[in-house]
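Student: Next input, structure requested:
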Amino acid sequence: MYGRALQFIFKNKLSYYFVFPLILNIILFLIGFQLVDILSEQTNQLINDFLFSGNDNSGWLMSFFNTIIYWSIWIVSKIIFFFVFSLVGGYFTIIILAPILTYLSEKTAEIITGEKAPFDILQFTRDILRAILVALRNMIIQLGFVVGFFLVSFIPVIGWIISLVGNFIISSYFYGFSFIDYSNERNRLPISKSIKFVRENKGFSIGLGSIFSFCFLIPFLGGIIASFLCVVSVVAATIGVEEINKEPK
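Tutor: Residues are numbered from 1 along each chain as shown. Next up, the predicted model:
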C-alpha cells in the first residue's frame, strides 16, 4: 500500500506536501533538544549545589565528579527525550498538521473518484477538530496500554517480549486509526462508527501504522523519516478506505 501511495503522490504532483511535516518535525526536534539541554543544565546545577555546597570545586577530584554528573544527566535526559518522542511524537505531528492532512485526504479522494466536493470552511473546520480529537483519544488510550505493558515487563524474558511486541502493535493500530479516520470523517461516519470500521479492518490499520510507528524507534532520524511517511500514510489510508468501501457487503 505504501508503494502505491508513493506512486500516486508523485504521479499526481502531490510531493510538495512532504515539506510541511518535514519542517514541523525539525522544529519540534530542535525545540525538544533545547528544552532537554536547559532541563539537564538546571538539574546538574541543583545536584552540584546539593552535593558540593560549601566545598572547594577547584580541585581535580571535584571537577571529575562534576563532569561525571553532567554527562550522566545529559545522556539520561536524551534517552528520556527519545523515549517520550517515540511515544507521542507521531501524535504531535498528526495534531499540528491536521489541517494539511485533512485537505490532503480530500484531495486524494477527489483524484480517485473524480468527484470534486465544494469547499465548505465550516465543514473543513469540523473535520480538523475531529482529527485532533481522534488523535488525542488514540494517544491517551495508547499511553494507558504503555503503562500496562510496562508493568508486564517486570516479568523476566516473556514479559519483555510481550511488552515490546504489544507496544509496537498497539501504537501501529492507533496510528493507523488516526490516518484512516480522515477518510471516515469525509464519508460522514461518526466516531463510534469509525471505531467499528477500524476494528473490522484492524489488519489494515496495523499494517498502515506499523512503518510509521517503527520510525520513531530510530534515534535522531526517526522523526524526520516519519514526517515523510505521515503524508504517505494519509494517502495510503485514503486509497485503502476507498477500495474497502467499494467491496460488496
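Student: Tell me where this protein has helices.
Tutor: Ranges of helices in the chain, per DSSP state H, are 2-11, 19-52, 60-96, 98-113, 121-152, 158-186, 191-200, 202-215, 222-246.
Student: Give me the angle between the second one and helix 222-246.
Tutor: Here the directions of helix 19-52 and helix 222-246 differ by 140 degrees (axes from the mean of the first three to the mean of the last three CA atoms, to 10 degrees).
Student: Low-confidence stretches in the protein?
Tutor: Across the chain, the ranges flagged by pLDDT under 70 are 47-63, 66, 82-89, 117, 119, 216, 219-224, 248-249.
Student: In space, not sequence, find me the middle residue of it.
Tutor: G90 (1.0 Å; CA atoms, centre = their mean).
Student: how close does that residue get to L217?
Tutor: Computed as CB to CB, to the nearest Å, the G90 to L217 distance reads 11 Å. Bear in mind the C-beta positions are built from the backbone N, C-alpha and C, glycine included.
Student: How about V157?
Tutor: To L217, V157 is 20 Å away according to CB to CB.
Student: between the two, which one's more packed in?
Tutor: The residue with more neighbours, out of V157 and L217, is L217; 13 against 7, by other CB atoms under 10 Å.
Student: pretty sure F18 is touching L229, no?
Tutor: No: at 9.8 Å, F18 does not count as touching L229 under the criterion of CB atoms under 8 Å.
Student: More neighbours: the two, which one.
Tutor: Neighbours of F18 and L229, each counted by other CB under 10 Å, are more numerous for L229; the result is 25 against 16.
Student: Would you confirm that the more buried one contacts F214?
Tutor: No: in this structure, L229 is not within contact of F214 by CB under 8 Å, at 9.4 Å.
Student: Just give me the neighbour total for the closest residue to F179 other than its chain neighbours.
Tutor: Once flanking residues are discounted, F179 sits nearest to A237: 3.9 Å by CB to CB, 6 or more residues apart in numbering. For A237, the number of neighbouring residues by other CB under 10 Å comes to 28.
Student: what's the answer for the one 3 residues further on, then?
Tutor: Per other CB under 10 Å, the neighbour tally for G240 reads 22.
Student: Likewise for G209?
Tutor: Per other CB under 10 Å, the neighbour tally for G209 reads 28.
Student: Might one say that it is in contact with I169?
Tutor: No: between G209 and I169 there is no contact under CB under 8 Å: 9.4 Å.
Student: Would you confirm that S183 contacts L104?
Tutor: No: under the criterion of CB under 8 Å, S183 makes no contact with L104, lying 11.0 Å away.
Student: Out of the two, name the residue with the larger neighbour count.
Tutor: Set S183 next to L104 and count neighbours by other CB under 10 Å: S183 wins out with 24 against 21.
Student: For the more buried one, give me its contacts.
Tutor: Applying CB atoms under 8 Å, 6 or more residues apart in numbering, we find S183 in contact with S105, A109, A237, T238, V241, E242.
Student: If we ignore the residues flanking it in sequence, what's nearest the second one?
Tutor: Excluding its sequence neighbours, the residue lying closest to A109 (CB to CB, 6+ apart) is T238, at 5.6 Å.
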